[in-house]
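Peer 1: coords please:
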Amino acid sequence: MTEKSLNDIMEFDHVIQVLEDGTILDDVEGVWAPEIYLDAEWDEYGDAHVSDANERDLVTYVRSQGWELFQGRISHGVTLGPVIDSSYFIGGGLEERIRETPGYWVVVAVDIQPDDKDAESQPHGWALAHREK
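Peer 2: All right, here's what the predicted structure looks like:
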């Protein structure tokens, strides 16, 4: 039997735990994914624009819940910000980084909140959150 990849295990809002020896526990109870809220500026055409300040506010909001959003280098020439494009997945350097960093990890969807509170949010990517304990 082969071990599942983290990409297969880590569904949105499904918290896993990485132990000191690299063992993955995917039946974590009592630990919840952080709430995500990303604001944007909207232009006259209804297009959303996320600024560096919007991303910093997101990082601060998630940090206030006890989590840190992953940001950093995952391979030669590839550095991820707090919001990850949907073309990326958990594999390669990103999977290695998770497996060698103990604590709780979770993938969360990042949606942009519209100006109109009655309108639905728009998908913008995803984020990877980590918490030591």
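
Peer 1: these two touch, right, Ile74 and Arg97?
Peer 2: Yes - between Ile74 and Arg97 there is a contact under Cβ atoms under 8 Å: 6.3 Å. (Glycine included, C-beta is placed from N, CA and C.)

Peer 1: And the strands in the chain, which stretches?
Peer 2: 16-18, 24-25, 41-42, 48-49, 68-69, 72-75, 78-80, 103-112, 122-131 (DSSP state E).

Peer 1: mind checking how far the third one is from the chain centre?
Peer 2: Using Cα atoms, centre = their mean, to the nearest Å, the distance from the centre of strand 41-42 to the centre of the chain it belongs to is 22 Å.

Peer 1: partner strands of it, parallel or antiparallel?
Peer 2: Here strand 41-42 has these sheet partners by DSSP bridges: strand 48-49 (antiparallel).

Peer 1: Please apply the same query to the fifth one.
Peer 2: Each strand that pairs with strand 68-69, with its direction, by DSSP bridges: strand 122-131 (antiparallel).

Peer 1: That'll do, ta.
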